[in-house]
Structures are given as C-alpha cells and as structure tokens.
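Engineer: requesting a structural model of the entry that follows:
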Amino acid sequence: MEWSSLYSMQKQLDAYIESQHDLSGKDLFKEKYLALLVELGELANETRCFKFWSVKPRNDQSVILEEYVDGIHFILSLGLDKGYRYATGSINSTENDETGQFNRVYDLCAAFYREPSEKNYNKLFDSYLDLGNLLGFDEQGVKDAYLKKNEINYERQNQGY
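Structural biologist: Predicted coordinates:
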C-alpha cells in the first residue's frame, strides 16, 4: 500500500487534536504508545482469539476492522513523532495464528518504545500488517476503513470527545 496520503491525513488530524487541546509542542510519545497498546488490546478482545474459556463468537468483521485501523492511526502518529515513514516490507509473519501474532506485535511495540529506531518502527509496522492479513483484511479495506475512521475522529473532536 502507498502510505503517504495516510501519513498526511494523520499529520493533519494530530495537529488538529493538539490545537484543540492546547498540546502544541508537547511530547506525546508515551501517551501515544500507551494508546496503541490499549487499542491493540481492544482489537484482541473483539477477535476473542485468546479466550479459550469462552464459546461466545468473535465480533463482526466490520467491528474488528474499525479497531484495527485505530491501531493504524497510532502507528502512523508515532512514526510522524519520530520522523519515520514506513518503508514497505514484505508480509511474512513468523506466526500462523492470531494469538501468536498479537503477542509478537506487543513485543515489537515494547521494543520500539525502549529503542524508538526506524528499524524497530518498520518491524512494528510490518508485524501489525501481518496481523491484519491474519485477520482477513486487504489493503483497500484497511485504507477505506482508515478514511472513514479519520472522519469520525474529527467529528468526535468537534463534539468535545
């Protein structure tokens, strides 16, 4: 996928949120990192992939996709904060199940937090895209869902979210 348009949109959204909340110039890296972890947990919860004790089915794919693109928002934003743009890699997950891939993404989030290098950023992004593949999402679906959620995020800001 070509990510430059989403980076541009994310940069505008971040600037809008920062201006709305008087955060211009504030380092929000640790807050965005924690937000990404929370979104990743919400995504896992919607898939229910780890809930071996439950027979309740996973949520609808549309709900899971919306949670997934919440994570994309924060990954893009973290990259912007550090001056990184995703260098498209290849989708080659070392995990073949959702739970394993969620754990891998968590590990790579922590690695990026401890050492916010471009290499670690690209590994995190690759791994998150691998997770999207395992969840059944294609590039166009992810992009469309990002655009839709981006509009919702502006609406929420305008309504005092």
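Engineer: use CA for all of it now, contacts and neighbours both
Structural biologist: Noted.
Engineer: send the alpha carbons of the helix or strand bottoming out on mean pLDDT in the chain over as CSV?
Structural biologist: For the chain, scoring each helix and strand by mean pLDDT, DSSP states H and E identifies helix 139-158 as the least confident one, at a mean of 89. As requested, the backbone C-alpha atoms of helix 139-158 are provided in CSV (Å, rounded to 0.1, in the frame of the first residue of the first chain):
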residue,chain,number,x,y,z
GLU,A,139,-5.2,-3.1,1.6
GLN,A,140,-8.2,-1.4,0.1
GLY,A,141,-10.4,-2.4,3.0
VAL,A,142,-7.9,-1.0,5.5
LYS,A,143,-7.5,2.2,3.6
ASP,A,144,-11.3,2.7,3.3
ALA,A,145,-11.8,2.0,7.0
TYR,A,146,-9.0,4.4,7.9
LEU,A,147,-10.6,7.2,5.8
LYS,A,148,-14.0,6.5,7.5
LYS,A,149,-12.5,6.5,11.0
ASN,A,150,-10.5,9.6,10.3
GLU,A,151,-13.7,11.5,9.6
ILE,A,152,-15.2,10.1,12.8
ASN,A,153,-12.2,11.2,14.8
TYR,A,154,-12.7,14.8,13.5
GLU,A,155,-16.4,14.7,14.3
ARG,A,156,-15.6,13.5,17.8
GLN,A,157,-13.2,16.4,18.3
ASN,A,158,-15.8,18.8,17.2
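Engineer: residues contacting that helix, please?
Structural biologist: Defining contact as Cα atoms under 8 Å, 6 or more residues apart in numbering, one finds that helix 139-158 is touched by 1, 9, 13, 17, 20, 65, 66, 69, 70, 72, 73.
Engineer: and what of stretch 34-41?
Structural biologist: Residues from elsewhere that reach stretch 34-41 (Cα under 8 Å, 6+ apart): 67, 68, 70, 71, 74, 75, 102, 106, 109.
Engineer: nearest the middle, which residue of this protein would you pick?
Structural biologist: When Cα atoms, centre = their mean is applied to the chain, the residue found nearest the centroid is residue 71 (1.8 Å).
Engineer: buried set for the host helix or strand of that one?
Structural biologist: In this structure, residue 71 is located in helix 61-82 according to DSSP states H and E. Within helix 61-82, the residues that qualify as buried are 64-80, counting by 16 or more other Cα atoms under 10 Å.
Engineer: what do you get for stretch 119-136?
Structural biologist: Taking 16+ other Cα under 10 Å as the neighbour-count basis, stretch 119-136 is seen to contain the buried residues 120-133, 135.
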